[in-house]
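K.L.:
only geometry, no sequence info:
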């Protein structure tokens, strides 16, 4: 009887929230269906798209300062239309539609220190100001930003005591991903348009604790937008070899952790030509693991990656084991995104993203979402 009563209360609360959402709804364009044409059209494909259910702009890179300090970076902006989303029993549109998020992380390889932050905005006056232009490549939240000026991508990110300013210049044309390079990535109940700049030169300045250094390096950029349902997890590798070739591999996983579907890969030769891989074309073997002291999640941190048809047999190893981001207060997940070394038949650097090894987001309620980050910051102060 008690369970039925609680269920009825939950249903009633959800109905009320849905009614409030409908009352305050504005005239947004309808969410576009999952894309079927992966043809890259620049620069417009870099612009924000109001009718995309989900979209992101994702940068990772490997840099070295003038004093040989080595570091990696991640800067990503997300937008999510919440028309059909719920947080627990509540429609997410009560909080915001769209919702905007951004993550920024710096992996100080030389100092063996990982720092990150994540921000969000629901479009209210009390939150970071958001700008996502539909007529130019201009994306910003607060003082984090990406802009295109003269064909170059200008990035800015800040952490407590650290400012990162970089200019990225593509040295290869964008590469469509997906099956046989059709530009369409198959997702859970949908698709995305997905392309990458697999090699971008980087120059910039890093200010940390009042000291400024210039740096150079190499970056990778992924752009995706479309409509799909999130679920399960994935392992994603972006590898830049020293011979100016690149390799991207990804494998999707079910909630139980089993691989599913024809996960794909993209190999880009030094001259820019591409070869597209199916899951049967490559192997990823885990060689070592690391357990987070913060979440108790266990992540692989060393892998053997082989692509026999390309003569690739390399070891990918994390440069810092703890590169875990707890973003339950923004994108509602805990994940690992890390700078890695690559050695073997080819040498180089990689970024690896691991999603689904921590499942705490499956029980995240509206309180965790709204207050998770402030509560964690308060707990850290007294730890």
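P.N.:
Thanks, I have the structure now. As the structure is a prediction and not an experimental result, all values here were calculated from the model.
K.L.:
Residue 350 is in contact with residue 316, correct?
P.N.:
Yes - look at residue 316 against residue 350 with CB atoms under 8 Å: they come within range, at 5.3 Å. The C-beta positions use only the backbone N, C-alpha and C, and glycine is treated the same way.
K.L.:
low-scoring pLDDT stretches of the stretch 151-300 of the chain, where are they?
P.N.:
231, 254-262 (pLDDT under 70).
K.L.:
before we move on, back to that, out of residue 316 and residue 350, which sits in the busier spot?
P.N.:
residue 350 (29 against 25; other CB atoms under 10 Å).
K.L.:
any idea how far that one is from residue 134?
P.N.:
For residue 350, the distance to residue 134 equals 33 Å [CB to CB, to the nearest Å].
K.L.:
now residue 83
P.N.:
18 Å.
K.L.:
Now do the strands in the stretch 101-250 of the chain.
P.N.:
Here the stretch 101-250 of the chain has its strands, by DSSP state E, counting those that start in this stretch, at 113-121, 130-132, 138-141, 144-149, 152-159, 162-170, 175-176, 184-187, 190-208, 211-227, 233-241, 246-253.
K.L.:
Now those strands in TSV, please, with extra columns for mean neighbour count and distance to residue 354.
P.N.:
Formatted as TSV, these follow (neighbours: other CB atoms under 10 Å; distance: least, CB to CB, whole Å):
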stretch	mean neighbour count	distance to residue 354
strand 113-121	18	14
strand 130-132	18	27
strand 138-141	20	24
strand 144-149	18	23
strand 152-159	18	22
strand 162-170	18	23
strand 175-176	22	23
strand 184-187	21	18
strand 190-208	21	19
strand 211-227	19	16
strand 233-241	21	6
strand 246-253	23	10
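K.L.:
hmm, back to that, intersection of neighbour lists for residue 316 and residue 350?
P.N.:
Shared contacts of residue 316 and residue 350 (CB atoms under 8 Å, 6 or more residues apart in numbering): 237, 239, 340, 341, 342.
K.L.:
Quickly name whichever of those residues is closest to residue 164.
P.N.:
The shortest approach to residue 164 among those belongs to residue 340, at 19.8 Å (CB to CB).
K.L.:
quick revisit: pick out whichever of residue 83 and residue 134 has more residues nearby.
P.N.:
residue 83 (16 against 11).
K.L.:
any idea how far residue 52 is from the closest residue to the more buried one other than its chain neighbours?
P.N.:
Nearest residue to residue 83, sequence neighbours excluded (CB to CB, 6 or more residues apart in numbering): residue 31, at 5.7 Å. Applying CB to CB, the value for residue 31 to residue 52 is 8 Å.
K.L.:
swap in residue 143?
P.N.:
25 Å.
K.L.:
quick one: which of the two has more around it?
P.N.:
Neighbour tally, residue 143 and residue 52, criterion other CB under 10 Å: the higher count belongs to residue 52, 22 against 12.
K.L.:
quick one: the more buried one is in a helix?
P.N.:
No - read with DSSP: H, G, I helix; E, B strand; the rest coil, residue 52 is coil and lies in no helix.
K.L.:
Please list all residues in contact with it.
P.N.:
31, 32, 79, 81, 225, 226, 227.
K.L.:
Let me know the pLDDT of the third one.
P.N.:
Just to be clear, that refers to residue 79. What the model reports for residue 79 is a pLDDT of 96.
K.L.:
you'd agree it is up against residue 48?
P.N.:
Yes - between residue 79 and residue 48 there is a contact at 6.8 Å, judged by CB under 8 Å.
K.L.:
give the contact list for the closest residue in space to residue 85 that isn't next to it in sequence.
P.N.:
Spatial nearest neighbour of residue 85, chain neighbours left out: residue 92 (3.9 Å); criterion: CB to CB, 6+ apart. Residue 92 makes contact with 82, 85, 86, 99, according to CB under 8 Å, 6+ apart.
K.L.:
From residue 333, how far out is residue 92?
P.N.:
In terms of CB to CB, residue 92 sits 15 Å off from residue 333.
K.L.:
Kindly report the same for residue 296.
P.N.:
Note on residue 296: its distance to residue 333, by CB to CB, is 15 Å.
K.L.:
which of these two has more neighbours?
P.N.:
residue 333 (19 against 9).
K.L.:
Settle this for me: that one is touching residue 354, isn't it.
P.N.:
No - the pair residue 333 / residue 354 is not scored as a contact, 10.8 Å apart, by CB under 8 Å.
K.L.:
Looking at the contacts of residue 52, which is nearest residue 310?
P.N.:
Closest to residue 310, out of all of the contacts of residue 52 and judged by CB to CB, is residue 226, at 28.7 Å.
K.L.:
Who does that closest one form a beta bridge with?
P.N.:
Bridge pairing for residue 226 (DSSP bridges) gives the partners residue 54, residue 192.
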